[in-house]
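**Q** Need a 3D model of the following:
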Amino acid sequence: MSRPNIIDLYKAEKHTVKFMQFGEGNFLRAFVDYMIDVANEKVDFDAGVAIVKPIDYGNLDAFKKQDNIYTLILRGVSEGKTINESRIIKSIAEVMDAREDYAHMCETACLDTLRFVVSNTTEAGIVFDDTDKFELEPPATYPGKLTKMLYLRWKAFNGAADKGLIMLPVELIDTNGAKLKECVNSLAKLWGLEENFIAWVNECNIFCNTLVDRIVTGNPRDEKEALCEKAGYDDDLMDIGEPFGLWVIASDRIDEVKAELPLDKAGMPVVFTDNIKPYRERKVRVLNGAHTSLVLGAYLAGLDTVGDCMADTLMRKYIDRAVFDEIVPLVPLPLEEVKAFAASVMERFENPFIRHQLLSIALNSVSKWRARVLPSVIDYVNTNGKLPEVLTFSFAALAAFYSKGERDGVKYEVRDDAAVIEFFAENSALSSAELIAKLVAREDFWGMNLGELNGFADYAAAALEDIRTMGAKAAIEKLLA
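**A** Here you go, the predicted model:
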């Protein structure tokens, strides 16, 4: 007997279109559209999302088949408890293809009720392309599409000041809102659009910088049959993420944004601020820094996933010491707040539903170590007058991982920029001291000569020698002893 479709059991809701969303992918549906759905229920937000598929790849058949509703499953560990909850999301009002439904996209951009534009067009999506053209239907790039939509809106409302929009890009780049605004201004000037329009863009619209955090694994291909059987219906849009979520929204006009976007009032993990920098620094140092300082040594010690590390007594002690002793005290936010965030990170690492492979995290570890770990090392030295031992050891583990190329006789692929690969190909046979001496001096890798940090090169060389002679696990045991 065949199962019913989700739409046979659940009906869509009609909400006022307040959001235009460029991107129909798993992350936006498990993050933004979920939060809007909860706010519709809890604080009567009455907000519908008009989704625009901005690129030619893919189709919207599943949305149309299911009347835009879908199941979101959030599962993981939160405050010591295993969470496995599902919710039927009904916040999507309509979907359209930017090319096939161009005229309707233009009409939607001019809706009186429209207030927000959300986007997740990947890091490559927010770029200024001087070959893009206004007369294209639609323009090729996301900033091009947005510029034209804003222009049509400006014309439709005769430049009314209260018809500007609030832009909420969630692309994973620093100052994403500022970069998007810069692209719109550059295109408007390139295309010779009116000065009054450019003034309206800058004075009557708000481009927020945002930071988002939630692991979304997306459509559960391997588990789909079992999950649909358990739910009792078929759902081609089923989406899966972790319970943890954080959306930091920053603007110098943040009070205006907060007044119109009541997600926090619905209990959603949204922070409104005029300064995003400390929150980005917290995420990069604590979450990303923990990953980068952990994975290379742990892999050489015989472990394969982040979950394996959290279940291993030795590696759990290693990561706890790195995070809570050497990283957390130096993040420029209230200490208890940072500790709480770090505790949530540990729970996320323990998530039994996610197998996060260490080798996949190991990609481009040199640039990651520079961005994620080095700032904590420098601050620790400046504050305490000595080296952070675990973070310094992680540098030696990086050198060992990149120069070794095999574990227990099995080769692994080291993936990084060509200059990094070339360096280790030429120098891996050197002694530990010689390799570290050359590595710390590569200012193009680190942005500075790490040998200027008192004792760093000697400590890292000794740690690398321990890894090479004793093995990574024994070297970590010695470190923590």
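**Q** what's the pLDDT at the nearest residue to T113 once chain neighbours are set aside?
**A** Excluding its sequence neighbours, the residue lying closest to T113 (Cβ to Cβ, 6 or more residues apart in numbering) is T16, at 5.0 Å. C-beta here means a position set from N, CA and C on the backbone, and glycine is covered the same way. T16 carries a pLDDT score of 98 in this model.
**Q** Adjust the sequence numbering to begin at 42 for everything that follows.
**A** All set: I'll call the first residue 42, so the last point we hit is now T57.
**Q** Now T57: phi and psi?
**A** Geometry field for T57 lists phi and psi as phi -70, psi 130, criterion degrees, to the nearest 10.
**Q** just checking, it touches F86?
**A** No: taking contact to mean Cβ atoms under 8 Å, the distance of 9.3 Å between T57 and F86 leaves them out of contact.
**Q** Verify the contact between L344 and M356 for me.
**A** Yes: with contact defined as Cβ under 8 Å, L344 reaches M356; the gap is 6.5 Å.
**Q** who touches both of these two?
**A** C350 (Cβ atoms under 8 Å, 6 or more residues apart in numbering).
**Q** what does stretch 286-293 contact?
**A** Identification of contacts with stretch 286-293 by Cβ under 8 Å, 6+ apart yields 72-73, 76, 209, 211, 218, 247-255, 298, 302, 304, 309-317, 320-321, 324.
**Q** so what are the domain limits for the chain?
**A** Listed by automatic domain parsing, the domain ranges of the chain are 47-315, 319-521.
**Q** In JSON lines, list these along with mean neighbour count.
**A** Shown next, in JSON lines, are those (neighbours: other Cβ atoms under 10 Å):
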{"stretch": "domain 47-315", "mean neighbour count": "18"}
{"stretch": "domain 319-521", "mean neighbour count": "18"}
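**Q** tell me the strands in this protein, going along the chain?
**A** 57-63, 88-94, 111-119, 122-130, 133-138, 157-160, 207-210, 247-248, 250-254, 280-282, 287-291, 311-314, 447-448, 451-452 (DSSP state E).
**Q** I'd like to know which of the ones you listed is closest to F497.
**A** Minimum separation from F497 across those (Cβ to Cβ) falls at strand 447-448, 26.2 Å.
**Q** which outside residues touch the closest one?
**A** In this structure, residues lying in contact with strand 447-448 by Cβ under 8 Å, 6+ apart are Y340, L341, G343, Y453.
**Q** quick one, what contacts the nearest residue to the first one once chain neighbours are set aside?
**A** Right, Y340. Beyond its immediate neighbours in the sequence, the residue positioned closest to Y340 (Cβ to Cβ, 6+ apart) is L399, lying 4.4 Å away. Residues counted as contacts of L399 (Cβ under 8 Å, 6+ apart) are V336, L337, A339, Y340, L344, D345, T346, V347, C350.
**Q** out of those residues, who's nearest L152?
**A** Among the contacts of L399, V347 lies closest to L152 (Cβ to Cβ), at 43.9 Å.
**Q** Please verify my assumption that the closest one contacts S401.
**A** No: in this structure, V347 is not within contact of S401 by Cβ under 8 Å, at 10.1 Å.
**Q** Provide a list of residues in contact with the nearest residue to V73 once chain neighbours are set aside.
**A** Taking Cβ to Cβ, 6+ apart, and ignoring the residues beside it in sequence, V73 has V159 as its nearest neighbour in space, at 5.4 Å. Applying Cβ under 8 Å, 6+ apart, we find V159 in contact with F60, M61, Q62, F63, G64, L69, V73, V90, L209, P210, V211.
**Q** Same question for L234.
**A** F175, T188, Y192.
**Q** Can you give me the distance of the nearest residue to R70 once chain neighbours are set aside to I114?
**A** With Cβ to Cβ, 6+ apart as the measure, D280 is the residue that lies nearest to R70, at 5.2 Å, once sequence neighbours are left out. Taking Cβ to Cβ, to the nearest Å as the criterion, D280 is separated from I114 by 7 Å.
**Q** go on, T258?
**A** From T258 over to I114 (counting by Cβ to Cβ), the distance is 10 Å.
**Q** is it true that E244 touches A202?
**A** Yes: at 7.5 Å, E244 and A202 qualify as touching, with contact defined as Cβ under 8 Å.
**Q** Throw the strands of the chain into TSV and include distance to F365, thanks.
**A** Supplementary listing: the strands of the chain in TSV, determined by distance: least, Cβ to Cβ, whole Å:
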stretch	distance to F365
strand 57-63	38
strand 88-94	39
strand 111-119	18
strand 122-130	22
strand 133-138	41
strand 157-160	35
strand 207-210	33
strand 247-248	36
strand 250-254	19
strand 280-282	26
strand 287-291	19
strand 311-314	22
strand 447-448	28
strand 451-452	33
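**Q** one step back: give me the common contacts of T258 and I114.
**A** Common neighbours of T258 and I114, counting by Cβ under 8 Å, 6+ apart, are I281, G282.
**Q** Which residues are in contact with A474?
**A** Residues near A474 by Cβ under 8 Å, 6+ apart: A502, E506.
**Q** same check, this time on A363
**A** If you count contacts by Cβ under 8 Å, 6+ apart, A363 has them with G330, A331, S334, L335, P429, V431, L432, S435.
**Q** Next, find the distance separating it from L344.
**A** Looking at A363 against L344, where the rule is Cβ to Cβ, the gap reads 15 Å.
**Q** before we move on, back to that, so which of the contacts of L399 is the closest to L155?
**A** In terms of Cβ to Cβ, no member of those lies closer to L155 than V347, at 40.8 Å.
**Q** check contacts around the closest one.
**A** In this structure, V347 makes contact with H332, L335, V336, F390, I395, H397, L399, I402, judged by Cβ under 8 Å, 6+ apart.
**Q** one step back: now, which of the contacts of strand 447-448 lie within helices?
**A** Counted as lying in helices by DSSP state H, out of the contacts of strand 447-448, are Y340, L341.
**Q** so, if you compare the contacts of strand 447-448, which one comes nearest to L520?
**A** Using Cβ to Cβ, the shortest approach to L520 within those belongs to L341, at 13.2 Å.
**Q** Can you name the residues that contact the closest one?
**A** Applying Cβ under 8 Å, 6+ apart, one finds that L341 lies in contact with A438, A441, F442, K445, R448, I508, G512, A513.
**Q** can we see that at 7 Å?
**A** Going by Cβ atoms under 7 Å, 6 or more residues apart in numbering, L341 touches A438, A441, F442, R448, I508, A513.
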